[in-house]
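[1] from the sequence below, what's the structure:
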Amino acid sequence: MTIETTAIDGLLIIRPQRFGDDRGYFAETFRASNLGKHPPHFVQDNESKSRKAVLRGLHFQAPPHAQGKLVSVVAGSVYDVVLDIRKNSPTYGQWHGEVLSADNMTRLWIPEGFAHGFLTLEDDSVFQYKCSAYYHKESEGCIDYDDAMLAVDWKAAWDQHGSGDFTPLVSEKDKDGSAFASFQSPFHS
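    Numbers count the residues shown, from 1 in each chain. You can find the predicted model right below:
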């Protein structure tokens with residue numbers, strides 16, 4: 001397993017090593033010690049299945065119910081986007097995008113203080129995430145996935161990894177995400 005840092009402090013890319021033969025494969029997909037001296041205690045696992053071109057996000061939970069997430073794809077593929085919303089971070093407002101798929105087995109560790117979303121690149125994509133805090137409806141927030149100030153280029157990811165016309169399927173809740181310019185982050189560091 002390799003662990004890669006990103007330009008955004010705390011966000012990690014985890015690439016498991018797969019050992020295979022004609023019977024199948026084996027891979028270690030999580031090791032707590034890879035997440036630092038004080039790894040999170042996961043309390044909830046979530047899974048979603050989506051058809052191609054579904055766009056979910058950019059979601060977060062505010063303190064004191066903030067969540068760290070370990071995310072992966074076990075079927076299909078997604079373009080995963082993580083946005084730094086920690087007010088005092090030198091990378092506040094910057095985002096990182098990564099293709100996660102069943103084939104590449106790549107995972108992301110997303111600490112508290114980030115908004116998260118993804119675009120499915122294939123039908124029947126199954127997305128899993130381990131969370132360090134329980135879901136708390138009153139603490140959830142959403143930033144506009146298509147905010148011009150953030151300039152997340154979902155279409156470029158689609159053109160490079162997806163197929164067919166790019167018309168994202170977005171929930172009504174996600175269509176009403178906050179504009180980043182007026183967003184008041186509840187995360188101070």
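
[2] list the residues that contact Gly117.
    Applying C-beta atoms under 8 Å, 6 or more residues apart in numbering, we find Gly117 in contact with 55-59, 80-81, 83, 145, 174. Placement of C-beta: from N, CA and C, glycine included.

[3] the lowest-mean-pLDDT helix or strand in the chain: partners in the sheet, and parallel or antiparallel?
    In the chain, no helix or strand scores lower on mean pLDDT, DSSP states H and E than strand 24-27, which sits at a mean of 83. Take DSSP bridges as the rule and strand 24-27 pairs in its sheet with strand 18-21 (antiparallel).

[4] ok, residues contacting the partner strand?
    25-27, 105.

[5] what segments of the protein are helices?
    Here the chain has its helices, by DSSP state H, at 154-161, 172-175.

[6] now the last one, how far from the centre of its chain.
    It refers to helix 172-175. Helix 172-175 sits 17 Å away from the centroid of its parent chain (C-alpha atoms, centre = their mean, to the nearest Å).

[7] now do the longest one
    Its chain's average C-alpha position is 16 Å from that of helix 154-161, according to C-alpha atoms, centre = their mean.

[8] same question, stretch 90-97
    Worked out by C-alpha atoms, centre = their mean, stretch 90-97 lies 13 Å from the chain centre.
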